[in-house]
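>>> My questions concern the predicted model and sequence given below.
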Amino acid sequence: MGFIKKKSPPATYNEKYLKDEIKMTQNAINIAYSNFNNATDPDLIDCYIYQLNSEQKRYKYLIEKARECGTL
């Protein structure tokens, strides 16, 4: 006899929102790294450092929330 695989319940709005936000934040981090690596002006380098720190903190927050919700 075959086993019937239980379907997981559909993702809630919050789960979908968190997953989308995590993906967008990962993309923003990658863009900030790319911009940082290509910057030569000291002011732009500072700007990208702040942007990277901000996006990384946002990513950490979203991951924590996703774990709390059981999304990850």
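Here it is on my side, so go on.
>>> contacts, neighbours, all on C-alpha from now
Noted.
>>> any idea how far T25 is from S34?
Counting by C-alpha to C-alpha, to the nearest Å, the gap from S34 to T25 is 14 Å.
>>> Between those two, which is the more surrounded one?
Counted by other C-alpha atoms under 10 Å, S34 and T25 do not tie: T25 has more neighbours, with 19 against 12.
>>> Following element in sequence after the strand or helix carrying that one, please.
Following DSSP states H and E, one finds T25 within helix 13-38. Later in the chain than helix 13-38, the nearest helix or strand by DSSP H and E is helix 42-69.
>>> quick one: that following helix to chain centroid distance?
9 Å (C-alpha atoms, centre = their mean, to the nearest Å).
>>> now the angle between helix 13-38 and it, please.
With axes from the mean of the first three to the mean of the last three C-alpha atoms, to 10 degrees defining the directions, helix 42-69 sits at 160 degrees from helix 13-38.
>>> can you pull the buried residues of helix 42-69?
Within helix 42-69, the residues scored as buried using 16 or more other C-alpha atoms under 10 Å are 45, 48-49, 51-52, 55-56, 58-59, 62-63, 66.
>>> In a markdown table: these, plus pLDDT.
Converted to a markdown table, these look like this (pLDDT from 0 to 100):
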| residue | pLDDT |
| --- | --- |
| I45 | 96 |
| Y48 | 96 |
| I49 | 97 |
| Q51 | 97 |
| L52 | 97 |
| E55 | 98 |
| Q56 | 98 |
| R58 | 98 |
| Y59 | 98 |
| L62 | 96 |
| I63 | 96 |
| A66 | 92 |
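>>> If anything else comes up later, I'll come back, but that's it for now.
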